[in-house]
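Undergrad: just coords:
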């Protein structure tokens, strides 16, 4: 990674100026059993860019994230980081480039929030090597960025959903990746937590010049927060363009097979979807597969 | 704010040393207890080259020749079983995963009885009774344990949910237990008598090689797990998270699988299957020192050692001169104790 690429990037310009892709996904296909989930999906993400993956439930957004993070291995096509296939990285080296945040399930109750964030330094440490000053600094900074330092000493199971998500995002920051993969980072959270978390992600991208690829089903959120949106429909890329265009009636109809009324956002002017009264006649087709 | 975890502030190396010291002292003290309780100065009359065990006074003879080695074996076996329980709970990400509930102990029993059954045949085809200084029965029980773990891992990969993993384990356990019983019915009486030892656990037979083998396997396992403790922590958070933190999860799983099989195998081969240690001790350790593997390992080792050493001492005193099988005592003492711990712990 060169220093020039890592330098902070002005987020406002991100959607206008073309940049060298950091992540490039080329003709990615993935099947579950005999059912194709992704078919020849291609898109890319540049450093300094925040890209939202959108689409109906079950369309393969999370699957695409897991392929990129090599949590799924049996995909076809090519995924490159800086021109190098992700398959050529060792897990450890890949962990220094890519962090993945997904709601953790399972028993993690006896971990404190701080301990979880410290664990993110794992790829940088030899076995039994204690945390160095730089590691502690990275952990402190990450906790401060999401505002999670207030409950660092508490165990994860005593935290609310919003607090826990802040800890998980802080853990990803502490891993110091160049590409952060987020699976529904603000889903199920109250509006205030959504705003806080989203703002901390944008600030992190701005300061570190890193890239974020996130899945979301909240199109308004995507239109406001992301630089670019990539929409999947029937296993293929149905839209790839500036995030604020994802909520236009044409895109909505192409991606979701349904149109919604929109109103312009008072500050940015981006079209915001407002719910419509239930009426089955509005749905044009099943766009999930 | 009061820390929720009692020993959260004690530093790990200090904690390790303190734990080791407590265990050593306890084993020594427990060996003094009995029908006649000896004064601690028996410590000074240890067997040497000039004064072998046979020439010592009665108290020293019983202390050094009987009580101490058997209590040490009980302590080592307890530590090994508790560590195996901790490893399996990490491997299966399930608090109820133990050598017993997953059928591993039964698998090991089966392997051990099988190897005794066919010891004559094995010797006939030129297989040595001990390989790398490890008795054949240990290899047999290791094979059985590995078979059982492999079966449960294979089934759980297809079945997925924790409940199903346990069901697969319980089924595997019953299956192997039945095989052991079948063998006993089919075997000739003298061999069947020998095989009974592998269905009820105890430390009444303690041959010189037992301590070294158990201690060796235990030391290697504990050091390996301690070295990998950060990766084990990551593994408790899920395969995906561990992978994205750079852990080679599949390789680590194979290592954990072999280690837990080896730990259970030595204990079953020498002492038979002893229940409850693998379930109770890691759980209590987690309540005392928290979920961090680096601290859980010493706590689990010492907890297991103390628990089984106390149970053994109790088992040889309570019905003197007959000795209750220690496996009976672990459940008898362990069951209510475990319930008490569960009930007084705050609800999550």
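TA: That came in fine, so what should we check first? As the structure is a prediction and not an experimental result, all values here were calculated from the model. Numbers count the residues shown, from 1 in each chain, chains lettered A, B, ... in the order given.

Undergrad: any idea which element the closest residue to residue B:303 other than its chain neighbours lies in?
TA: In space, and not counting its chain neighbours, residue B:303 is closest to residue B:281: 4.3 Å by Cβ to Cβ, 6 or more residues apart in numbering or on different chains. Using the backbone N, CA and C atoms, a C-beta is placed for each residue, glycine as well. Here residue B:281, judged by DSSP states H and E, is contained in helix B:277-289.

Undergrad: and residue A:43, by the same measure?
TA: strand A:35-46.

Undergrad: what's the distance between residue A:178 and residue A:48?
TA: Going from residue A:178 to residue A:48 by Cβ to Cβ, to the nearest Å gives 10 Å.

Undergrad: same question but for residue A:194, I mixed them up
TA: Residue A:194 is 22 Å from residue A:48, by Cβ to Cβ.

Undergrad: neighbour count: those two, which is higher?
TA: It is residue A:48, of residue A:194 and residue A:48, that has more neighbours when counted by other Cβ atoms under 10 Å in any protein chain shown, with 25 against 19.

Undergrad: any idea whether that one is helix, strand or coil?
TA: With DSSP: H, G, I helix; E, B strand; the rest coil as the basis, residue A:48 sits in coil.

Undergrad: test my guess that it contacts residue A:205.
TA: Yes - the criterion here is Cβ atoms under 8 Å, and residue A:48 meets it with residue A:205 at 6.3 Å.

Undergrad: quick one: the strands in chain A?
TA: A:21-32, A:35-46, A:50-54, A:76-81, A:84-85, A:98-101, A:179-183, A:211-215, A:228-233, A:236-242, A:262-264, A:271-273 (DSSP state E).

Undergrad: against which helices or strands is the last one packed?
TA: Strand A:271-273 makes packing contacts with helix A:219-225, strand A:262-264 when contacts are defined by 3 or more Cβ pairs under 8 Å, 6 or more residues apart in numbering or on different chains; DSSP states H and E.

Undergrad: list the neighbouring strands of that strand plus their orientation.
TA: Using DSSP bridges, the strands paired with strand A:271-273 are strand A:262-264 (antiparallel).

Undergrad: the fourth one too?
TA: Looking at strand A:76-81 with DSSP bridges, its paired strands and their directions are strand A:21-32 (antiparallel), strand A:84-85 (antiparallel).

Undergrad: one more: the second one?
TA: Here strand A:35-46 is paired, per DSSP bridges, with strand A:21-32 (antiparallel).

Undergrad: tell me the angle the partner strand makes with strand A:211-215.
TA: Comparing the axes of strand A:21-32 and strand A:211-215 via axes from the mean of the first three to the mean of the last three Cα atoms, to 10 degrees yields an angle of 30 degrees.

Undergrad: buried sites along strand A:21-32?
TA: A:21-25, A:28, A:30 (16 or more other Cβ atoms under 10 Å in any protein chain shown).

Undergrad: want to throw those into CSV with pLDDT and distance to residue B:53?
TA: Listed next are these as CSV, based on pLDDT from 0 to 100; distance: Cβ to Cβ, whole Å:
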residue, pLDDT, distance to residue B:53
A:21, 88, 77
A:22, 94, 73
A:23, 96, 71
A:24, 96, 75
A:25, 96, 73
A:28, 95, 72
A:30, 95, 69
